[in-house]
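Trainee: Let's see this in three dimensions:
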Amino acid sequence: MKETLGQRVRELRLQNGLSVQELARRAKVSASYIYAIEAGSRGSHVDKLTRIAQILGTNLTDLWPGPS
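Mentor: Numbering: from 1, shown residues only. Reported below is the predicted structural model:
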């Protein structure tokens with residue numbers, strides 16, 4: 001599940017034209033935190049993911065794709 005979340009965060013970040021650093025700044029987290037999420041090596045707290053989703057113009061549930 002972490003890989004899917006990370007892939008989705010990266011996809012939405014790129015669609016929004018944001019660098020890792022800019023997303024981190026806006027979400028008030030470190031760039032290394034964003035890198036770790038995108039790499040699938042770290043999950044996240046709901047409050048931080050909610051901020052990231054809002055910055056990416058989506059909601060928390062849209063970070064996880066539905067069944068394929």
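
Trainee: Angles on the backbone of Leu56, please.
Mentor: phi -80, psi 0 (degrees, to the nearest 10).

Trainee: and it, how many neighbours?
Mentor: Using other CB atoms under 10 Å as the criterion, Leu56 is surrounded by 22 other residues. For every residue, glycine as well, the C-beta is placed using N, CA and C.

Trainee: Was I right to think it contacts Arg13?
Mentor: Yes - using CB atoms under 8 Å, Leu56 is in contact with Arg13, at 6.4 Å.

Trainee: shared neighbours of those two, anything?
Mentor: By CB atoms under 8 Å, 6 or more residues apart in numbering, Leu56 and Arg13 have these common neighbours: Leu23.

Trainee: Just give me how far the lengthiest helix in the chain sits from the chain centre.
Mentor: Determined from DSSP state H, the single longest helix within the chain is helix 2-15. Averaging C-alpha positions (CA atoms, centre = their mean, to the nearest Å) puts helix 2-15 6 Å from its chain's average.

Trainee: what does the average pLDDT come to for the next helix or strand along the chain from it?
Mentor: Sequence order places helix 20-27 as the next helix or strand after helix 2-15, per DSSP states H and E. In this model, helix 20-27 has an average pLDDT of 95.

Trainee: contacts for helix 20-27?
Mentor: So helix 20-27 is in contact with 13, 18, 30-31, 33-35, 38, 48, 51-52, 55-56, going by CB under 8 Å, 6+ apart.

Trainee: Spatially central residue (nearest the centroid) of the protein, please.
Mentor: Among the residues of the chain, the one closest to the centroid is Val9, at 3.4 Å (CA atoms, centre = their mean).
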